[in-house]
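S.K.: kindly generate the corresponding structure for this input.
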Amino acid sequence: MPFLANTPVEKMTEPYARRWWALLVLCLSLLITVMANTSLIVAAPDMTTDLGLSSSDLQWVVDGYTVPYAALMLVLGAIGDKYSRRGALVLGLLIFAGGSVMGSMVDETSLVVAARAIMGVGAAVVMPATLSLLVATFPRSERAKAITAWAATSGVAVAVGPLVSGRLLEDHAWGSTFLINVPIAVLAVFGALALVPPSKAEGMGRIDYVGGLLSIVTVGSLIYAAIEGPHSGWGAGPVTAAVVAGVGLAAFVAWELRHPHPMLDVRKFALRPFSGSMLAVMFFFFGMFAVIYYATQFLQFVLGYGALDTGVRLLPLGGAVFLGSAVTGVLAPKLGVRVMAVTGLAVGTAGMFLLTQIDKGSTYGDFLAPLMMLGLALGLAISPATDTIMGSFPESELGVGGGVNDTALELGGALGIAVLGSLLGTAYRDELTDLVGDRLPAEAMETAKDSVGAGLAVAERVGQDPAAGPQQAQAAVDAVHQAFAHGVAQTSLIGGIIMAAGTLIVLAVLPGRRAFAKQSAEPEAGTTASEAEAGTTASEAATVREHTGSTR
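M.R.: Here you go, the predicted model:
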């Protein structure tokens, strides 16, 4: 057997013999793109101190990765479909590694944001390529298991990122959390060449670059507005971005409806299995990313855990993901995507509502059950929803399908951190003002309201002031802890309400198994006469068979 995998998937007459090894490479590639978000959370305190980051600076260090990541996935997925999915994977990994090297070496905020943006571009190439290669490489009978492993990897990465980052921060500076990506990316590149077979779409035709440009403008502007508006206020910049996003969306839909070979056939959103699954992915990651964002801050700033200890305490979330994935593998073919997605969202919603009980005296034990419930929910819901989304695309558009799924994931996560993070900041500031607003100098109070880390720094300076003393310093620390705990509880209430509403929406949109078959069986524009006679495209029919329990 040759070292390099040279035979294209399209020319294979039997399933690829080393497909499970190929899946390992794809999951490894996925792992570092997700870890790049979560590992930064525990490194944030060190970065804030070293670079002198304001709350706004830190927001953009985090989201400098998110904006290009979400905005470019659809277009780059289509380019990978046309030219080479494996080539896209390798190129994306190299870009990601280059951005990581840059991030480990720079010491200015603007350059860190630029490095994160380069990593985001690389991730936008890698993510859709992993899904498109998975679907192209695995036969339909094994695809659900492979997607379950893929989805479980994304969940595990949420917990593993802070653990790895925390371990590195024990002995190294925050730049090491960037550098750890490099050997993993290089290993994945060699693994891709050796184990992942080449693949590209047959007879795809010209790429709809106008539609692609409109999608970039729409998603990029939407995420910018969602990040900057709640955080800095709805001034000219965020309002303009929101207007551009609305106009861009209208133009994108109008263009795609008229184009003979659209970047994304927007008529798919009329299919309830597809649109319901998209909403499930978006709502779930809206809650998941937000909870990780403020739970790690509580563990570090209020409970006083170090970076490594914080990472260790997130591991139960990863274990719960594996448990949920194992349950999904057994139950999804029997119960269908609607039951699994709604159940997962309901469990995640319940976990978020539990966090409304957080107060100043809460311990790690109060976070354990909610984190495990969120992990279980991810394992239950995401792989059936992802499988349904990917099953809605023909073989020639697998990269686009991966880009659509991953855009929903990243858009949901970005909105969760932006919206709920803003609510957290507002609740924290208001409570802190009520508690100590008349006992701190105006300048110190403004600094303390910026973030929980800034509040503790102010309390430390109070303790060093001979006129104040340790008792006032401790009172300030207690006030900061109480204000942040109040913010977590209030934010979790609003987040829980949003997720509960999302659960009901998904329940209403996703059809049951019989309606699923009928809905997916409606012929789309572009189906052949034989496909219309059969009632569905081949890909959709396979998805319907799997989720309705029908035999092949």
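
S.K.: give me the residue at the spatial middle of the chain.
M.R.: Closest to where the C-alpha atoms of the chain average out (C-alpha atoms, centre = their mean) is Glu410, at 4.0 Å.

S.K.: not counting sequence-adjacent ones, nearest residue to that one?
M.R.: Using C-beta to C-beta, 6 or more residues apart in numbering and skipping the chain neighbours, the partner closest in space to Glu410 is Ala70 (4.1 Å). C-betas here are computed from N, CA, C, even on glycine.

S.K.: ok, Leu398 next?
M.R.: In this structure, Leu398 finds its nearest non-sequential neighbour in Ser132, 3.6 Å apart by C-beta to C-beta, 6+ apart.

S.K.: helices or strands up against the longest helix that the chain contains?
M.R.: Assignment by DSSP state H gives helix 470-509 as the longest helix of the chain. Helix 470-509 sits against helix 272-297, helix 337-354, helix 421-436, helix 452-464, with contacts defined as 3 or more C-beta pairs under 8 Å, 6 or more residues apart in numbering; DSSP states H and E.

S.K.: before we move on, the earlier item: element containing the residue nearest to Leu398, please.
M.R.: Take DSSP states H and E as the rule and Ser132 turns out to sit in helix 109-137.

S.K.: rebuild the helices and strands packed on helix 470-509 as CSV, extending it with mean pLDDT.
M.R.: Output for these, formatted as CSV (pLDDT from 0 to 100):
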stretch, mean pLDDT
helix 272-297, 90
helix 337-354, 94
helix 421-436, 88
helix 452-464, 81
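
S.K.: so which of those is nearest Ala381?
M.R.: helix 337-354 (2.6 Å; C-beta to C-beta).

S.K.: hang on, the earlier thing: tilt between the longest helix of the chain and helix 421-436?
M.R.: Going by axes from the mean of the first three to the mean of the last three C-alpha atoms, to 10 degrees, helix 470-509 is angled at 150 degrees with respect to helix 421-436.

S.K.: chain center to helix 470-509, what's the gap?
M.R.: Relative to the mean C-alpha coordinate of its chain, helix 470-509 is positioned 21 Å out (C-alpha atoms, centre = their mean, to the nearest Å).

S.K.: returning to that earlier point: need the contact list for the residue nearest to Glu410.
M.R.: Ala124, Val219, Gly220, Ile223, Thr407, Glu410, Leu411, Ala414 (C-beta atoms under 8 Å, 6 or more residues apart in numbering).

S.K.: quick revisit: packing partners of the strand or helix carrying the residue nearest to the centre of the chain?
M.R.: For Glu410, the element it lies in under DSSP H and E is helix 398-415. In terms of contacts (3+ C-beta pairs under 8 Å, 6+ apart), helix 398-415 is packed against helix 55-83, helix 85-105, helix 109-137, helix 209-232, helix 272-297, helix 364-391.

S.K.: tell me the buried residues in the last one?
M.R.: Across helix 364-391, burial judged by 16 or more other C-beta atoms under 10 Å covers 367, 370-391.

S.K.: that older thread, for the residue nearest to Leu398, what are its contacts?
M.R.: Ser132 neighbours (C-beta under 8 Å, 6+ apart): Gly77, Gly80, Asp81, Arg85, Ser199, Leu398, Gly399, Gly401, Gly402.

S.K.: most surrounded residue in those?
M.R.: Counting neighbours by other C-beta atoms under 10 Å, the top entry in those is Gly399, with 34 neighbours.

S.K.: in which helix or strand would I find Val321?
M.R.: helix 315-335.

S.K.: with Leu40 instead?
M.R.: Applying DSSP H and E, one finds Leu40 within helix 19-51.

S.K.: what mean pLDDT would you report for that helix?
M.R.: Across helix 19-51, pLDDT averages out at 87.

S.K.: hmm, back to that, nearest to Gly161, of the contacts of Ala70?
M.R.: Gly161 has its nearest neighbour among the contacts of Ala70 in Glu410, at 15.1 Å by C-beta to C-beta.

S.K.: Tyr69 is in contact with that closest one, correct?
M.R.: Yes - Glu410 is within contact range of Tyr69, at 5.6 Å (criterion: C-beta atoms under 8 Å).

S.K.: shared neighbours of these two, anything?
M.R.: Common neighbours of Glu410 and Tyr69 (C-beta under 8 Å, 6+ apart) do not exist.

S.K.: phi, psi for His172 please.
M.R.: Per-residue torsions, His172: phi -130, psi 170 (degrees, to the nearest 10).

S.K.: burial of it, as a residue count?
M.R.: Neighbour number of His172 under other C-beta under 10 Å is 14.

S.K.: in CSV, list the C-alpha atoms belonging to stretch 25-42.
M.R.: In CSV, the C-alpha atoms belonging to stretch 25-42 read as follows (Å, rounded to 0.1, in the frame of the first residue of the first chain):
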residue,chain,number,x,y,z
VAL,A,25,-6.9,13.1,10.6
LEU,A,26,-10.1,15.1,9.9
CYS,A,27,-11.0,15.1,13.6
LEU,A,28,-7.4,16.2,14.5
SER,A,29,-7.8,19.1,12.1
LEU,A,30,-11.1,20.0,13.5
LEU,A,31,-9.8,19.8,17.1
ILE,A,32,-7.3,22.6,16.7
THR,A,33,-9.7,25.0,15.0
VAL,A,34,-12.2,24.7,17.9
MET,A,35,-9.4,24.7,20.5
ALA,A,36,-8.2,28.0,19.1
ASN,A,37,-11.3,29.6,20.6
THR,A,38,-11.6,27.9,23.9
SER,A,39,-7.9,27.8,24.8
LEU,A,40,-7.7,31.5,24.6
ILE,A,41,-10.3,31.9,27.4
VAL,A,42,-8.0,30.7,30.1
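
S.K.: what comes up buried for it?
M.R.: 25-42.

S.K.: run the chain-centre distance for stretch 276-290.
M.R.: Using C-alpha atoms, centre = their mean, the offset of stretch 276-290 from its chain centre is 9 Å.

S.K.: next: stretch 9-27.
M.R.: That offset, for stretch 9-27, works out to 26 Å (C-alpha atoms, centre = their mean).

S.K.: and it, which residues are buried?
M.R.: Here stretch 9-27 shows Val9, Tyr16, Arg18, Arg19, Ala22, Leu23, Leu24, Val25, Leu26, Cys27 as buried, counting by 16+ other C-beta under 10 Å.

S.K.: same deal with stretch 241-251?
M.R.: Ala241, Ala242, Val244, Ala245, Gly248, Leu249, Ala251.

S.K.: identify all contacting residues around it.
M.R.: Outside stretch 241-251, the residues that touch it by C-beta under 8 Å, 6+ apart are Leu214, Val217, Thr218, Val219, Ser221, Leu222, Tyr224, Ala225, Glu228, Gly229.
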